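S.K.: next comes the sequence, and after it the predicted model I'd like to discuss.
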Amino acid sequence: MACSLTRSEQAEVQTLTRLASLDAQALCASLDHAFMGLVWVDGQGCIRHANRFFLERAVPADRLADCFPDILDSCWQALLDPSRGAQRESFHAQLRLAAGGLASYELQVQAQGQEPAQAGAVPGVLTLLALRPMDERGERESVAILQRQVLEAVALGRPLPVVMDLLCRRVESLAPDVICSVLAVDAQGRLRPLAAPSLPSSYSNALDGLPIGPAVGSCGTAAWRKQAVEVRDIAEDPLWADYKGLALSVGLGACWSTPILLDGTRVAATFALYYRESREVAPFHRRMVEACAQLCSVALKHDEHLRQIERLAYFDGVTGLPNRSLFHDRLGQALPVAMLSGSPAALLLLDLDRFKTVNDSFGHATGDEVLRQVAARLQACLREADTLARFGGDEFVAWLPGCSGSQAMQVADKLLAALQPPLQLPNQAPLLISASIGISCFPEDGQDPELLFKNADIAMYEAKRAGRNCARFFLPAMNQALDERVALEGALRQALSTQALRLHYQPKLRLSDRAVVGAEALLRWTDPQRGAVPPDKFIPVAEECGLVNALDAWVLEAACEQLARWREQGVAIRAVSVNVSPTRFQQDDVAAHVASLLARHGLRPEQLTLEVTERLLLDHDPRTAGQLAKLFAMGVRLSLDDFGTGYSSLSYLKRLPVSELKLDRSFVRDLETDADDRALASAVLGIGRALGLAVVAEGVETEGQRQILIELGCEEAQGYCFGRPMPVADLEAWLAAPR
Ligand SMILES: Nc1nc2c(ncn2[C@@H]2O[C@H](COP(=O)(O)O[C@H]3[C@@H](O)[C@H](n4cnc5c(=O)[nH]c(N)nc54)O[C@@H]3COP(=O)(O)O)[C@@H](O)[C@H]2O)c(=O)[nH]1
C-alpha cells in the first residue's frame, strides 16, 4: 500500500530511520510533539521505546501484541523479521486504548535499525513502527487504493484467479488479522476455489466441487441463501457441523462469507473473511468487504464477458458448435497425431439440401431453429473424440479420428438417418430436411486440411448432383469431372458474352387439324471445341454457377424479338413459349423485365408463355410468389413443364397461377403399349379440364400416339411427329411447306 503519511512526516521518519541506530530514546523524546505514534520494537515484538503520542493512547503493555489484539503473534513475527530489510508495509489494526475500547489505526512498518549496544547485551535489530489514527477518510482512502489496484488488474485483462488473488492479498495486507478466500459457484451449484493465498491448498482442494446447500459452512450456505452468513465460532455453529474438522485443523475460528450476485440474482461466487479465533467482524472489515464484493462482481462480470467474446471467436453463435477457426485449430493438432500414429481419419462435409428455401420461406428465426435442431441430431450420432463444427450457412463439418472409409460411410448414413424424422418447429408444420455429405479420407485423399476440404467438397457436390440426401466418397475421377465442369462454365460464359448462342423453335400444334398454335424456344450452343453441347448438359452447369439467370434473360429477349419479327413478316406463329429456371423468379425484376420486353416489341402478354418446371412448386420464397402473381396479373401465361414427373401436388397446383400443363413425354412414349401410361395421361388431362387448364402433350413421335391423345381429349401437342426443334429459317420453310 502507498504511504499515507504526510510529506513532512515521511521526511521525519526518514531522518529517524537514519538515526535509528543511534539513541532511540532520545529521538523519541524529540518526537514527542509528532501527531503520530512511534514505537521501536525488537525482534521478539517487545516495545523498546515509544513516543508520547503512543504512550498517551495505548494501553500500557510490554509487548506489541497486547496493544493490537487482532494481530496474531505469527503476523508480528513476519513483520518484524530482520530479513525483511528496508521493505515497508502498511496495514490497519485495532489499538487497545488506555481509556478502554479499541480504535482503528494505520500502521506502517517503517524502518529497521541496529539497536545501540548495551552493556553486556548483544545488539539486536529494532523495527520502527509509525501509527496514525485511522479516521473514516483514511479508511476510505485505503479501500479506494485497493479498488484502484484491483480494477487496474481487471482492465489489464489479468486472469480471474490472478485478480482474485491480488484482491485477497491486498485485503490481508490492510487487515493482517484476516484470511481471505474467493470461491466461484459453477453452473451446477458447486464451489470452485478461485483464490485463497493464505490458506493451505489442502483446504481449498477439499472445498473444490462441494455443492452449495443450506448448511455447507459459511460460503456454501451464503451462496445457497444468497445472503451474507456470519459465523463467529466455527467450532460451535451448526452450519459448520460437517466441515469444522477441516477448518479447525488449519486454525480457522470464524468466517464471514458474502455471496457475489451477478445480474441481481445469479450467485457467481462468495467472498469470505476468516479469523483465526472465534470473534465478530470488525467494523472496518465490514466496510472493506462491501467494496470487495463490488470488485468481485466487476471482475466476475468482466471475466464472463471475456469468455463470451472467446466463445464468439471460437464457437458458432446459433448452434454452439465449434466454428471454422476452432475446427481448423483442432484439425491442425489432430493431423500430425494421426500422421505419427498411422491411424486413419475422415472428414465429412455436410450441406443441408435447399436450406435457402427454408430460410427464405419461413424467415431467419425458423432457419436458426432448424440449424440448432440439426446440430443436436448430428452431434448425438458422433463420438466424444469426433469434432462437429458449423462453418456458417447450412454447412457442417465433422472430423472423425480413427475412422476408416467404411466406418465413415456408416457414420454418414447414421447422420442422414438422424435427419429423416420431420423437425418440430414452433408454430410451424413439421418440416422435412435432408443433407448431402461428401467424405474425404485421411491419408489417401489428402494429408493437409486444404486438400481434405477440397476433396470432401467435391464429393459433397457429387452427392448433390446424385439427387441429394446421400453421401459420396471422394474419388480421383471427380477431380477430372470438376475440371471439366469448370472449363464448361468458362466456355459458356464466353459463348454468352460473344453472342454464340442460338435459339431453335419447335412448333406447337392443335392435334385435331395440325394447325400451328405457337412455338417453344429451345437454347442451342455449339462450342468450337466441344461441338453441339446439349442443354441437358449446360443448363445444370449454368444453374450451379449462377449463370442461368443471364441465359434465361437472353433467351427471353431473343424469343420476344423473334416473335415480333414473325408478326411483322406475317409468319403464322402466334405465340412463343420460353423455358425459365426456378431461380429466375427469385430476382425481383423478372416481371418488370418481361413487361418492358413486351412493350418494346409490341407484344400482348398472352402471346408469351413461360414454361417452369415442377421444382418451382417447392420454392416457398415470397419473392417467387410475388413475381408469379405479377406476371399472371399482367396476362402472361405460365406453363407447368414435365407435369407428373416430380413433386406435383394438387394443392400447390391450385395455388399457383398456372394456365397450362405439359404432359411429360415419359407418359406419351408408351401410350400405344402401356395401359398404365394411358390411365396416367388421361388423369392429367382430367386434372387440366377440372382446373380449366390447357394440356399440351410433349414428345409425340408417332401417329398412333397422336390418335390416342385425341381420343383422351388432348387438344395440343409437340413432338418429332410434327416437327423437331429447328433454326428460324428451317421453321419458316417448314411452315411454308405443305403438311
Ligand atoms: N432454362 C432453360 N432450359 C432450357 C432452355 N432450352 C432448353 N432447356 C431445357 O433443356 C432440356 C433439354 O432440352 P432439349 O435438348 O432442347 O430438348 C427439348 C426437345 O428437343 C425435346 N423434344 C421435343 N420433342 C421431342 C420428341 O418428340 N422426342 C424426344 N425424345 N424429345 C423431344 O424435349 C425437350 C423439350 O423439353 P421441354 O422444355 O420439357 O418441353 C429441357 O428440359 C429444356 O426445358 C432454355 O432456354 N432455358
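M.R.: Thanks, I have it.
S.K.: doesn't residue 289 make contact with residue 178?
M.R.: No: contact criterion CB atoms under 8 Å: residue 178 and residue 289 do not qualify, at 9.5 Å. (Glycine included, C-beta is placed from N, CA and C.)
S.K.: mutual contacts of those two, please.
M.R.: Taking CB atoms under 8 Å, 6 or more residues apart in numbering as the contact rule, residue 178 and residue 289 both touch residue 273.
S.K.: show me where the stretch 601-739 of the chain has strands.
M.R.: Per DSSP state E, counting those that start in this stretch, the stretch 601-739 of the chain carries strands over the ranges 608-612, 637-643, 660-663, 694-697, 716-717.
S.K.: next SSE after the host helix or strand of residue 287?
M.R.: Assigned by DSSP states H and E, residue 287 falls within helix 283-314. Per DSSP H and E, the first helix or strand lying C-terminal to helix 283-314 is helix 324-341.
S.K.: that following helix to helix 283-314, inter-axis angle?
M.R.: Angle, helix 324-341 to helix 283-314, by axes from the mean of the first three to the mean of the last three CA atoms, to 10 degrees: 70 degrees.
S.K.: who does the helix or strand just after helix 324-341 touch, helix- and strand-wise?
M.R.: Using DSSP H and E, the helix or strand that directly follows helix 324-341 along the chain is strand 345-352. Judged by 3 or more CB pairs under 8 Å, 6 or more residues apart in numbering; DSSP states H and E, strand 345-352 is in contact with helix 324-341, helix 364-381, strand 395-401, helix 405-419, strand 435-442, helix 449-465.
S.K.: let's go with 6 Å and repeat that
M.R.: Other elements packing on strand 345-352 under the criterion 3 or more CB pairs under 6 Å, 6 or more residues apart in numbering; DSSP states H and E are strand 395-401, strand 435-442, helix 449-465.
S.K.: which of these sits most buried?
M.R.: Stretch with highest mean neighbour count among the helices and strands packed on strand 345-352: strand 435-442 (a mean of 26; mean count of other CB atoms under 10 Å).
S.K.: quick one, it and strand 345-352 angle?
M.R.: If you take the same axes, to 10 degrees, strand 435-442 sits at 160 degrees to strand 345-352.
S.K.: tell me how the chain divides into domains.
M.R.: Structural domains assigned to the chain are 7-134, 141-312, 324-474, 504-522+546-736, following automatic domain parsing.
S.K.: picking up where we left off before, quick check: buried residues in the helix holding residue 287?
M.R.: With burial defined by 16 or more other CB atoms under 10 Å, the residues of helix 283-314 counted as buried are 284-285, 288-289, 291-293, 295-300, 302-303.
S.K.: distance check, the closest residue to residue 59 other than its chain neighbours against the ligand.
M.R.: Spatially, and ignoring its direct neighbours in sequence, residue 59 is nearest to residue 96 (4.5 Å; CB to CB, 6 or more residues apart in numbering). From residue 96 over to the ligand the distance is 98 Å, taken as CB to the nearest ligand atom, to the nearest Å.
S.K.: so which elements touch the helix or strand harbouring residue 96?
M.R.: Here residue 96 is covered by strand 89-96, with elements defined by DSSP H and E. The contact analysis (3+ CB pairs under 6 Å, 6+ apart) places strand 89-96 against strand 102-114, helix 160-174.
S.K.: can I get those in TSV including distance to residue 562 and mean neighbour count?
M.R.: Output for these, formatted as TSV (distance: least, CB to CB, whole Å; neighbours: other CB atoms under 10 Å):
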stretch	distance to residue 562	mean neighbour count
strand 102-114	100	20
helix 160-174	75	21
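S.K.: rank these by pLDDT, which is bottom?
M.R.: For the helices and strands packed on strand 89-96, mean pLDDT drops lowest on strand 102-114, to a mean of 76.
S.K.: residues of whichever helix or strand comes after that strand that come out buried?
M.R.: Downstream of strand 102-114, the first helix or strand assigned by DSSP H and E is strand 125-133. Neighbour counts over strand 125-133 (16+ other CB under 10 Å) mark 125, 126, 127, 128, 129, 130, 131, 132 as buried.
S.K.: sorry, back to before: which residues touch the residue nearest to residue 59?
M.R.: When contacts are counted by CB atoms under 6 Å, 6 or more residues apart in numbering, residue 96 touches 59, 67, 69, 102.
S.K.: now residue 684
M.R.: Counted by CB under 6 Å, 6+ apart, residue 684 has contacts 644, 663.
S.K.: recalculate using a threshold of 7 Å.
M.R.: 643, 644, 661, 663, 695 (CB atoms under 7 Å, 6 or more residues apart in numbering).
S.K.: and the two most separated of these?
M.R.: 644 and 695 (10.6 Å; CB to CB).
S.K.: when those two are compared, which one has more neighbours?
M.R.: residue 695 (26 against 18; other CB atoms under 10 Å).
S.K.: pairing partners for the more buried one in the sheet, please.
M.R.: Counting by DSSP bridges, residue 695 is bridged to residue 661.
S.K.: quick check, pLDDT for it.
M.R.: Reported pLDDT for residue 695: 96.
S.K.: kindly report the same for residue 6.
M.R.: 53.
S.K.: just residue 454 next, same as before
M.R.: Reported pLDDT for residue 454: 95.
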